[in-house]
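Visitor: Have a look at this prediction, sequence included:
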Amino acid sequence: MPLRALYAIAMPGTRLGSWVRSLLETVNAGLPFEATARLLNHPLCGRFSSTGLPPEVWATARATHPDSIAAWGTLGVDLSILSWPATDRRDNWVQRLQNVLDTFQVRHRAARWAREAVAYYKLQESLVDLSQPEAEILTLERWGAEISQLLAMLTVPAAPGRGGVELHSPVSMMGTKYDHVFVLGMGEGMFPQPVSISFPGLINFKPSPPDSSPPRLPIPGPVEMAEREARAFWSLLQAAAGNLTLSYPLVVRRQEIIPSPFLVQLGCVGVAPETMPVASVEEARRVYLTSMGGNKGVEDSVIKSAYQAWRVEVRRESGALPDEYDGVVGLPLSVAQQKFSPSQLTNLGQCPFKWFAGRVLRLAELTEAETELSMSLRGRLYHRTLDIACKLVVGLNAEIKNELLTHLDAAFLKAEQVENLPPLPAWGARRQEHLATLRQTIQTPDFLPEGAAVLMTERRFEGEWYGLRVAGVIDRVDRTAEGLAIIDYKTSSQPPKGAKDGDDKPKFDIQLPLYMQLAETALFPGEKVAVAYYYSLTKGTILKKVELEEDALAQFANNVKVRLQTGQFPVQPDVEREACRYCPYDLVCRAGSRLNRK
Ligand code: SF4
């Protein structure tokens with residue numbers, strides 16, 4: 001049942017009011033990315049499409065964060081209409097605003113809501129007055145302030161329109177007549193409202209001189225206020241020309257409600273409805289969902305799919321084994337066609353659905369422009385710097401660390417360019433700190449032990465591992481007296497999480513054992529890998545050395561093959577949900593307390 005509420009709300013509370021305000025703030029601030037994006041994606045902006053910026057433009061905008069008219073122009077978004085001068089004539093400012101409203105098709109979009117349409121025409125009327133005196137020169141700031149003041153003064157009906165049920169306060173019903181009047185909230189403490197006395201105006205009240213007559217303030221006392229409520233109720237009763245229905249809720253927030261004293265005075269006795277009427281289509285659907293078995297004939301375009309979705313959710317939340325809506329799709333994948341990186345295998349071993357969502361469903365978060373030195377950007381910067389510097393010492397057997405330190409500054413500079421480092425606040429000083437960290441790290445004994453020499457860095461490889469196709473990049477391989485050393489750099493201070501072990505904890509390392517085995521068989525056949533470890537570039541220490549557990553690795557690879565062949569990728573993280581910590585698929589997999597019931 002449509003509702004009409006004719007009480008007034010201030011223009012800033014409407015979509016149009018908030019859009020115009022945000023337009024002025026955005027232009028005034030020089031089109032910062034986030035504010036401009038909000039403006040362009042606002043429901044009232046029909047310039048590009050019904051849902052704001054087209055998806056492909058939006059994806060690029062998020063990845064690059066354009067913050068000027070020229071930068072938006074490179075994405076094909078012409079915002080020259082927002083190029084406003086610092087000062088202009090008053091009539092020109094009005095015209096500029098009109099041009100933006102026209103270009104962004106705000107009137108057309110506002111027509112979808114009765115209130116916004118009314119707001120649009122009210123604003124138009126007021127702009128005519130605001131354009132006088134035409135030749136007056138205003139700054140952009142002043143113009144923005146005037147528009148804000150104008151919006152604050154304008155009001156529109158909260159829910160205008162035709163037909164439906166009108167909502168009124170009791171006072172506004174005085175002197176009116178309606179065929180049907182429904183009075184809601186006839187409970188004690190609701191109507192009449194408890195009398196409260198609070199007169200902030202008294203704070204500024206200046207008493208009259210002693211010889212004058214006592215001041216007369218139009219302040220109603222408690223008795224007068226109670227009388228007002230009674231009069232309002234009386235006028236309500238008079239407004240009903242046909243039916244009058246008085247009702248009150250039996251319970252509000254678990255508290256029982258008793259009838260209003262007005263009902264008692266009228267001698268009305270409340271009667272609870274035998275069956276509660278269904279108040280909306282949505283409520284009807286909720287009722288049908290639970291009784292769908294016996295109501296298959298319900299005519300509703302939504303209910304059938306809603307029922308199906310509801311059944312899926314009920315099962316998902318139950319203790320039943322995972323089904324196709326929980327990753328067990330039962331569709332086999334070709335083992336031969338999959339190529340795994342070590343991190344993919346680790347993901348699969350941590351939670352099969354995590355791998356399935358990323359690699360098979362190809363779900364991914366939108367690329368976001370880096371505006372700070374994120375953990376991953378810092379990691380890439382450190383890796384790249386050491387790669388560049390270490391390549392320059394390959395083949396050296398002495399003074400390696402000194403050489404590395406000599407090349408470090410230039411390598412860091414090159415890495416900044418290669419990684420396309422965005423402008424970062426106070427980067428001049430901060431980069432010195434990062435360089436100092438790397439310098440310190442290189443000087444630690446574990447970074448390059450005595451007698452070791454760098455053999456190669458950033459070594460790409462492809463090969464076969466227990467019947468699985470694998471590919472990856474080894475950060476660094478050293479030659480030592482005992483054999484090869486494989487090093488994987490980390491910028492964290494903890495060893496990385498592995499696949500689930502026998503205790504369901506993410507401690508079974510896949511990455512380095514895979515590197516070791518591939519190094520001995522494919523990369524350096526005939527050579528022996530003496531050691532493989534994770535090395536923290538920020539702590540300057542070895543985080544973890546790994547051992548080969550060949551039987552367990554073979555079993556793991558076999559499990560991967562079975563999963564692919566049977567299409568089983570259930571939502572099954574480790575027992576402590578470590579795998580979920582930075583997982584981007586939590587909204588899709590609906591992990592939560594339900595997993596404890598599985
Ligand atoms: S959030 Fe947790 S349960 Fe969900 S997919 Fe990621 S790892 Fe698996």
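Guide: Structure's in. What do you need? Just so we're clear, the structure is a prediction, and the values are computed from it rather than from any experiment. Numbers count the residues shown, from 1 in each chain.

Visitor: going forward, measure contacts and count neighbours with C-alpha atoms only.
Guide: Will do.

Visitor: Got the phi and psi for G270?
Guide: phi -70, psi 140 (degrees, to the nearest 10).

Visitor: repeat for V529
Guide: phi -90, psi 120.

Visitor: hey, what's it bridged with?
Guide: L484 (DSSP bridges).

Visitor: I'd say it and T480 touch.
Guide: No - distance between V529 and T480: 9.6 Å, which falls outside the contact criterion (Cα atoms under 8 Å).

Visitor: Show me the shaky parts of the stretch 201-350 of the chain.
Guide: 201-218, 292-298 (pLDDT under 70).

Visitor: burial of S593, as a residue count?
Guide: Neighbour count for S593, taken as other Cα atoms under 10 Å: 9.

Visitor: that older thread, what's the overlap in contacts for V529 and T480?
Guide: Counting by Cα atoms under 8 Å, 6 or more residues apart in numbering, V529 and T480 have no contacts in common.

Visitor: in the protein, what secondary structure element scores lowest on mean pLDDT?
Guide: helix 281-290 (a mean of 83; mean pLDDT, DSSP states H and E).

Visitor: where's R231 relative to S260, distance?
Guide: Here the distance between R231 and S260 works out to 15 Å (Cα to Cα, to the nearest Å).

Visitor: what packs against the very next helix or strand once past the least confident helix or strand of the chain?
Guide: Moving toward the C-terminus from helix 281-290, the first helix or strand encountered (DSSP states H and E) is helix 303-317. Under the contact criterion of 3 or more Cα pairs under 8 Å, 6 or more residues apart in numbering; DSSP states H and E, helix 303-317 touches helix 281-290.

Visitor: Restrict the helix it packs on to CA atoms and write it as CSV.
Guide: What follows is helix 281-290, C-alpha atoms only, in CSV (Å, rounded to 0.1, in the frame of the first residue of the first chain):
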residue,chain,number,x,y,z
VAL,A,281,4.3,-8.4,-0.7
GLU,A,282,7.6,-9.0,1.0
GLU,A,283,5.8,-10.2,4.2
ALA,A,284,3.6,-12.5,2.1
ARG,A,285,6.7,-14.0,0.5
ARG,A,286,8.2,-14.7,3.9
VAL,A,287,5.0,-16.5,4.9
TYR,A,288,4.9,-18.5,1.6
LEU,A,289,8.5,-19.5,1.9
THR,A,290,7.9,-21.7,5.0
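
Visitor: when you compare where that helix runs with where helix 303-317 runs, what's the angle?
Guide: Interaxial angle of helix 281-290 relative to helix 303-317 (axes from the mean of the first three to the mean of the last three Cα atoms, to 10 degrees): 60 degrees.

Visitor: Show me what helix 281-290 is in contact with.
Guide: Here helix 281-290 makes contact (Cα under 8 Å, 6+ apart) with 278, 295, 303, 306-307, 310.

Visitor: switch to 6 Å and redo it
Guide: Helix 281-290 is contacted from outside by 278, 307, using Cα atoms under 6 Å, 6 or more residues apart in numbering.

Visitor: now do stretch 521-529
Guide: Contacts of stretch 521-529 (Cα under 6 Å, 6+ apart): 483-484, 520.

Visitor: Could you list the domains of this structure?
Guide: The chain is divided into the following domains under automatic domain parsing: 3-159, 168-195+224-273, 295-321, 327-364+452-598, 369-443.

Visitor: quick revisit: mind giving me the PyMOL select for the contacts of stretch 521-529, buried ones only?
Guide: Filtering the contacts of stretch 521-529 down to the buried ones (16 or more other Cα atoms under 10 Å) takes a single PyMOL command:
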select buried, resi 484
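
Visitor: okay, the contacts of stretch 521-529 in TSV with distance to A415 and pLDDT next?
Guide: Formatted as TSV, the contacts of stretch 521-529 follow (distance: Cα to Cα, whole Å; pLDDT from 0 to 100):
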residue	distance to A415	pLDDT
G483	30	94
L484	27	96
E520	30	92
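
Visitor: ok, of the contacts of stretch 521-529, which one's closest to G358?
Guide: Of all these, G358 sits closest to E520, with 30.4 Å by Cα to Cα.

Visitor: What are the neighbouring residues in contact with the closest one?
Guide: E527 are the contacts of E520 under Cα under 6 Å, 6+ apart.

Visitor: rerun that using 8 Å as the cut-off
Guide: Per Cα under 8 Å, 6+ apart, neighbours of E520: 526-529.

Visitor: If you rank those residues by neighbours, which is first?
Guide: V529 (21 neighbours).

Visitor: And the pLDDT for that one?
Guide: The model reports V529 with a pLDDT of 95.

Visitor: And for the one 10 residues further on?
Guide: Per-residue confidence (pLDDT) for K539: 93.

Visitor: Now do it against the ligand, distance only.
Guide: Separation of K539 from the ligand (Cα to the nearest ligand atom, to the nearest Å) stands at 27 Å.

Visitor: now swap in D503 and tell me
Guide: Taking Cα to the nearest ligand atom, one finds D503 at 17 Å from the ligand.

Visitor: Please list all residues in contact with the nearest residue to I69 once chain neighbours are set aside.
Guide: Nearest residue to I69, sequence neighbours excluded (Cα to Cα, 6 or more residues apart in numbering): L79, at 5.6 Å. L79 makes contacts with 69, 72-73, as judged by Cα under 8 Å, 6+ apart.
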